[in-house]
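Below are the sequence and a predicted model for it; my questions follow.
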Amino acid sequence: MERNNAIDFIKFFAIFSVVVIHVFPRDSQIGLFILDNFSRFAVPFFFTASGYLFGKKIMHTRDSIDYFKRYIIKILKLYVCWLFFYMMYDVLILYKVATDAPKEFEQYINHFTFLDLIYYGTGTSGYQLWFLTALIWSIIILFSFFKFKKVRLLLIISLILNLLGLFGQSYSVFYDFPISTRDALFIGLFYTTLGFFFANDNFFKKSRAITAKTYLLLIFIFFTVQVLEGYLSEKVLSGSHGEYFISTIFLTTFLFLFALNNTTLGQDLFITKVGGRALGIYIVHVVFISIFDLILSALKMDHISDNLFLKLFETLIIISMSYISYDLLQYFKRRLSGLIKTS
């Protein structure tokens, strides 16, 4: 399958947006507020890209079950390894700062639930790992519907679930959904299925009828609407801090279709290469944010959180450190695999 440079190009801005959301404080500054709501397209785009690439492979391979198994095992191994890493990091920090370390360690271990570990991907400081568990369950459900040739039905069902899930997020001011909706069922499943749907060659041909200028105009419109939805939800209606919106669905759709119809966008650019490592940066970046915050706290420099440009600079540092560290991990992993094979 030919590599789509545009997807990796947009992934760079998506991972930048994720780090922005996690680095910037949720305060009243209008610049930070706009930047935060502007960035909400990122995780839906990652799910859509994952569904698309999975779909391309599944639709053009003879043994779809074998590929499905290998895909799930790959993501599962990634989740388990980094879950263990963040647990160890939490324990290390706990013993560094706790007054009664053994007692707090016991409380830390006991606070995990079965659902936290196998479904929500929560419970550690690596809160971003929820993406991996949501992707695993989304792919399992998606593949099941694919085998029964009911992907269109799943797209409708998952869209309804996604809309319902918004009442546990941005639209909780109208009705506060009683359960957490940051998960596979209410977020990951729809966007992963959407991406899978885009992998269909017939649909792709139809999408080419829209010009690049039209796509860019639609993307600009829905970026604006997304920010306005965030403003109305939080500032006007005094609702909870925004997560995802109805406009996010349209924004993600047009952004991804634009990428599919402009495959050479970003070709040979360094940021496109960085975008290709977006998943690694996504997994690693939270620990660097934590370390950065601990250093600032020790130096009594927490006040820089109020400065937009310093926080943007911090964002770039976090992305750079995450990219380099994950690249090094992959290098050592390849070397270790080579040594094992030759021994």
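Structure received.

CA atoms for contacts and neighbours, from now on please.
Fine.

Only the buried residues of the helix or strand Cys81 falls within, if you could.
Using DSSP states H and E, Cys81 maps to helix 64-97. Residues of helix 64-97 classed as buried by neighbour count (16 or more other Cα atoms under 10 Å): 68, 72, 76, 79-80, 82-83, 86-87, 90-91, 94.

Okay, now the unreliable bits of the stretch 201-343 of the chain?
By pLDDT under 70, the low-scoring segments of the stretch 201-343 of the chain are 203-206, 235-242, 302-306, 343.

If you tally nearby residues, what's the number for Phe222?
Burial measure for Phe222: 22 neighbouring residues, criterion other Cα atoms under 10 Å.

quick one: contacts for it?
Shown in contact with Phe222 (Cα atoms under 8 Å, 6 or more residues apart in numbering): 247-248, 250-251.

Next: Arg277.
Per Cα under 8 Å, 6+ apart, neighbours of Arg277: Tyr323.

ranges for the strands of this protein?
In the chain, no segments count as strands under DSSP state E.

Quick check: the residue positioned nearest the centre of it vs Phe13, distance?
The residue lying closest to the centre of the chain (Cα atoms, centre = their mean) is Val43, at 3.4 Å. Shown here: Val43 relative to Phe13, a distance of 11 Å by Cα to Cα, to the nearest Å.

Leu154 now?
29 Å.

Kindly report the same for Ile221.
From Ile221 over to Phe13 (counting by Cα to Cα), the distance is 18 Å.

neighbour count winner among those two?
Shown here are Ile221 and Phe13; by other Cα under 10 Å, Phe13 has more neighbours (19 against 14).

can you tell me which residues contact that one?
Residues in contact with Phe13 (Cα under 8 Å, 6+ apart) are 42, 275.

do Val43 as well
So Val43 contacts 14, 18 (Cα under 8 Å, 6+ apart).

On the pLDDT front, check it for me.
If you check Val43, the pLDDT there is 97.

going forward can the numbers begin at 41, since that is how I track them
OK, 41 is where the count begins now, so the last one is Val83.

Tell me how far it lies from His151.
27 Å.

likewise Gly315?
Distance from Gly315 to His151, by Cα to Cα: 35 Å.

With Leu172 instead?
For Leu172 relative to His151 (Cα to Cα), the value is 21 Å.

can you check Gly235 too?
Gly235 is 35 Å from His151, by Cα to Cα.

These two: which has the busier surroundings?
Taking other Cα under 10 Å, Gly235 and His151 do not tie; Gly235 has more neighbours (27 against 10).

which residues touch that one?
87-93, 95.

now Glu283
By Cα under 8 Å, 6+ apart, the residues touching Glu283 are 77, 80, 209-210.

Please apply the same query to Phe183.
Contacts here follow Cα under 8 Å, 6+ apart; on that basis Phe183 touches Phe108.

Please apply the same query to Asp76.
The contact partners of Asp76, taken as Cα under 8 Å, 6+ apart, are 57, 60-61, 64.

Now for the buried residues of helix 104-137: which two are most distant?
Phe108 and Leu134 (38.5 Å; Cα to Cα).

and Gln147, how many neighbours does it have?
Using other Cα under 10 Å, Gln147 has 11 neighbouring residues.

ditto for Leu203
Count around Leu203 with other Cα under 10 Å applied: 18.

That one and Tyr284 touch, don't they?
No - counting by Cα atoms under 8 Å, Leu203 does not reach Tyr284; the two are 9.8 Å apart.

hey, where'd the helices end up in the stretch 241-383 of the chain?
For the stretch 241-383 of the chain, helices defined by DSSP state H, counting those that start in this stretch occupy the ranges 241-247, 252-271, 286-300, 310-316, 318-338, 348-382.

Mind checking those for the one nearest to Ile158?
Nearest of the helices of the stretch 241-383 of the chain (Cα to Cα): helix 318-338, 17.0 Å.

Contacts for the closest one next, please.
Residues outside helix 318-338 that contact it (Cα under 8 Å, 6+ apart): 51-52, 55, 58-59, 62-63, 122, 126, 165-166, 168-169, 342, 358-359, 361-363, 366.

That helix versus helix 348-382: what angle between them?
130 degrees (axes from the mean of the first three to the mean of the last three Cα atoms, to 10 degrees).

and the angle from helix 318-338 to helix 104-137?
Using the same axes, to 10 degrees: helix 318-338 against helix 104-137 is 10 degrees.

Extract the C-alpha trace of helix 318-338 and format it as CSV.
Extracted as CSV, the C-alpha positions of helix 318-338 are listed here (Å, rounded to 0.1, in the frame of the first residue of the first chain):
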residue,chain,number,x,y,z
ALA,A,318,2.7,10.4,16.4
LEU,A,319,1.6,7.2,18.3
GLY,A,320,5.0,7.0,20.0
ILE,A,321,5.0,10.7,20.9
TYR,A,322,1.5,10.3,22.2
ILE,A,323,2.4,7.5,24.5
VAL,A,324,5.6,9.0,25.9
HIS,A,325,4.9,12.7,26.2
VAL,A,326,2.9,12.6,29.4
VAL,A,327,5.9,11.5,31.5
PHE,A,328,7.9,14.4,30.1
ILE,A,329,5.2,16.8,31.0
SER,A,330,5.2,15.4,34.6
ILE,A,331,9.0,15.7,34.8
PHE,A,332,8.9,19.2,33.4
ASP,A,333,6.2,20.3,36.0
LEU,A,334,8.2,18.7,38.8
ILE,A,335,11.3,20.7,37.8
LEU,A,336,9.4,23.9,37.5
SER,A,337,7.8,23.3,40.9
ALA,A,338,11.2,22.6,42.5
